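# One predicted model, sequence on top.
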Amino acid sequence: MQPLALSAVDLVAAVQQGELSAVACAEAFFDRIAAVDGRINAFLAVNREAAVAQAAAIDARRKAGKPLGPLAGLPVAVKDALCTADLPTTCASKMLEGFRPPYDADVVARLRRADAVIVGKTNMDEFAMGGSNENSAFGAVHNPWDLTRAPGGSSGGSAACVAADMAPVAIGSDTGGSIRQPAGLCGITGFKPTYGRISRRGLVAFASSLDQIGPMARSAADCALLMETIAGHDPGDATSLAEPVPTYTSLLNEPLQGLRIGRVAEHFGAGLDPEVAAGVEAAFETLKAAGATIHDVELPHAKYGIPTYYLIAPCEASSNLARYDGAHYGHRAEPGKGHRAETGKGYRAETGRGGGGAGEYVGGFDSPLVEMYCRSRAEGFGPEVKRRVMLGTYALSAGYYDAFYAKALRVRRLIQRDYLEAFTKVDLIAGPVSPTPAFKLGEKTGDPLAMYLVDMYTVGTNLAGIGGISFPCGFTAGGLPIGFQLQGPALAESLLLRAAHGYQQLTDWHTRRPALPA
Ligand code: GLN
């Protein structure tokens, strides 16, 4: 039995029935990581010893006739934005280098309780800010389909490790497309559930009103399997939903007959690569042949998605990342040359800001304390994170708040309403995930706006708080995967998974693997 070739559903069944030992399964994936990750850079930490020991304990329990969890022996790679008590959690930032959280994220704890085996932590854009994985402080990830290209981001390591068979499934997070876009560019299936469906406790916060964790796998069926374990209410996350979790895997096979699928004309406008457009059109035809009906719908405010997202997300980020000041959290700058404490110039600010009197603020802008904050943040954060913090701080500052942040919130509401209106006419909305296939590493790093535009089809889902799934619907002539996206109303997880599964029963794009010799 070759574990690398099996679906997650089959791997778990094989372990539970004793046809495959959890140890053999784990070893096969660790061997694969050792053989290929030097070229991909998908992992920031690998957990071989502990994972194999855990797998051995699972095998022993099976031999003793004890019950096993629903993900028994399943290797899972976890994005480095989720806290793991036994492995460092860096968010691919120098700011958190070497940080070991005192607890597991709720999702990680659920995986462990289900007897999944955490194989390691995956590379990502720093603090999940980016769409190419090039913003990692620990090196870019290479797309397994073409090592000179980006895997997408920010969950690029999670997407690449599944595409390259280094793990059968992975966990990602999606604030504006970070599960769906890398899944699309790496030819795998990525699912961003409704906001609140999965607990965010222990997910390092980027933009809290948009962040959502989700599964990344080779198929919708494998995503459904993971969802049954990772979704559900968590009293430790006030925004997590109390709704019961359906048995997604048992609902996958309902036919697509009569499913009403919306098509948005704006999704086929300027910037869309013709090969991507052709792949997406072909997927509409496949869904039609399966009995779905296609209807034109409008999302009139979708064109404001990018500016709205790129105000709200940086505003929330600037606030969330204020905690990394070298004192409360994160990297602390060493006192160095020119440091106040060293030059002995005293604590009183000389800028006039700290001026005397009762209740004076002794930490003026050039006090050693503030200097330590500034230098810690200057050293710990990379350029994109700094750009977001500056954008967000500016947009939240007195005088600009109403013009930028408050206005973006109002547009967000209009975008939400567009979806509510559209979902009175159709069950799901379909279209491309990204305007182009995987782009070259370095191609967009000098132009932040070009990088932001990559998210034009994905940010609406997060702004509306709804769910979306992406999966491959073809390949370009150059052999790069083309992604298809389905978006659904709030809590339509089952329907999204079922529609993607239905499509995957009729096509074999999701079964293709890159030629990446060991
Ligand atoms: N690419 C988007 C950004 O840079 C989305 C990131 C995400 O979903 N975490 O913000």
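That came in fine, so what should we check first?

# dump the residue contacts of W145.
Going by Cβ atoms under 8 Å, 6 or more residues apart in numbering, W145 touches A163, C186, G187, A438, G479, L480, P481, P514. Heads up, the C-betas are built off the backbone N, CA and C, glycines and all.

# Buried ones only from the residues you listed, please, as a PyMOL command.
PyMOL command restricting these to the buried ones, with burial defined by 16 or more other Cβ atoms under 10 Å:
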select buried, resi 163+186+187+438+480+481+514
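
# taking the contacts of W145 one by one, which sit in strands?
Judged by DSSP state E, strands contain the following of the contacts of W145: P481.

# can you redo the contacts of W145 as JSON lines with pLDDT?
Formatted as JSON lines, these follow (pLDDT from 0 to 100):
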{"residue": "A163", "pLDDT": "98"}
{"residue": "C186", "pLDDT": "98"}
{"residue": "G187", "pLDDT": "98"}
{"residue": "A438", "pLDDT": "98"}
{"residue": "G479", "pLDDT": "98"}
{"residue": "L480", "pLDDT": "98"}
{"residue": "P481", "pLDDT": "98"}
{"residue": "P514", "pLDDT": "97"}
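
# Residues in contact with stretch 247-262: which ones?
9, 220-221, 224-225, 227-228, 284, 287, 290-297, 422, 425-430, 486, 493-494, 497-499, 501-503.

# One more: stretch 501-517?
36, 39, 144-145, 163-165, 187-189, 218-221, 224, 252-253, 255-256, 283, 286-287, 289-290, 471-475, 481, 484.

# Please produce a PyMOL select command covering the buried subset of those.
Entered in PyMOL, the line below selects the buried ones among the contacts of stretch 501-517, by 16+ other Cβ under 10 Å:
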select buried, resi 36+144+145+163+164+165+187+188+189+218+219+220+221+224+252+256+283+286+287+290+471+472+473+474+475+481+484
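
# Now go through the contacts of stretch 501-517 and say which are in strands.
Under the assignment DSSP E, the contacts of stretch 501-517 contribute T189, F471, P472, C473, G474, F475, P481, F484 to strands.

# which of the residues you listed lies closest to the ligand?
Nearest to the ligand among the ones in strands among the contacts of stretch 501-517 is T189, at 16.7 Å by Cβ to the nearest ligand atom.

# That closest one and A289: what is the separation?
Distance from T189 to A289, counting by Cβ to Cβ, to the nearest Å: 20 Å.

# just to revisit the earlier point, Serialize the ones in strands among the contacts of stretch 501-517 to JSON lines and add fields for distance to the ligand.
Below are the ones in strands among the contacts of stretch 501-517 laid out as JSON lines (distance: Cβ to the nearest ligand atom, whole Å):
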{"residue": "T189", "distance to the ligand": "17"}
{"residue": "F471", "distance to the ligand": "18"}
{"residue": "P472", "distance to the ligand": "19"}
{"residue": "C473", "distance to the ligand": "21"}
{"residue": "G474", "distance to the ligand": "23"}
{"residue": "F475", "distance to the ligand": "23"}
{"residue": "P481", "distance to the ligand": "18"}
{"residue": "F484", "distance to the ligand": "18"}
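
# In those residues, find the pair that's most separated.
For the ones in strands among the contacts of stretch 501-517, the farthest-apart pair by Cβ to Cβ is T189 and F475; their separation is 15.3 Å.

# Quick one: residues contacting Y310.
Per Cβ under 8 Å, 6+ apart, neighbours of Y310: L391, Y452.

# Now it: phi and psi?
Dihedral angles of Y310 (phi, psi; degrees, to the nearest 10) stand at phi -80, psi 10.

# Would you mind confirming that A128 is in contact with L82?
No: using Cβ atoms under 8 Å, A128 makes no contact with L82, being 10.7 Å away.

# so what sits against both of these two?
Counting by Cβ under 8 Å, 6+ apart, the contacts common to A128 and L82 are S173, V204.

# Show me which residues of the stretch 101-250 of the chain sit near the ligand.
With Cβ under 6 Å from any ligand atom as the criterion, the stretch 101-250 of the chain meets the ligand at residues A128, M129, G130, G131, S154, D174, T175, G176, G177, S178, F206.

# show me the contacts for the third one.
The reference is to G130. Going by Cβ under 8 Å, 6+ apart, G130 touches G153, S154, E384, M451.

# Give me the most central residue, this protein.
S173 (2.6 Å; Cα atoms, centre = their mean).

# That one bridge partners, please.
Assessed by DSSP bridges, S173 has beta-bridge partners I213.

# any idea how far it is from A317?
Remark: distance between S173 and A317 (Cβ to Cβ) = 13 Å.

# shared neighbours of these two, anything?
Listed as contacting both S173 and A317 by Cβ under 8 Å, 6+ apart are F206.

# All the helices of the stretch 51-200 of the chain, residue numbers only.
Taking DSSP state H, counting those that start in this stretch as the test, the helices found in the stretch 51-200 of the chain are 106-113, 156-163, 180-186.

# So, low pLDDT: which residues of this structure?
Applying pLDDT under 70 to the chain flags residues 336-365.

# where exactly do the strands run in it?
Under the criterion DSSP E, strands of the chain are mapped to 43-46, 75-79, 117-122, 169-174, 189-192, 212-217, 260-264, 293-297, 428-432, 467-475, 481-488.

# For M166, what are phi and psi?
Main-chain torsions, M166, degrees, to the nearest 10: phi -90, psi -10.

# I meant F423, not that one.
phi -80, psi 0.

# Smallest distance to the ligand belongs to which residue of the stretch 251-400 of the chain?
Nearest to the ligand in the stretch 251-400 of the chain, going by Cβ to the nearest ligand atom, is A313, at a distance of 5.4 Å.
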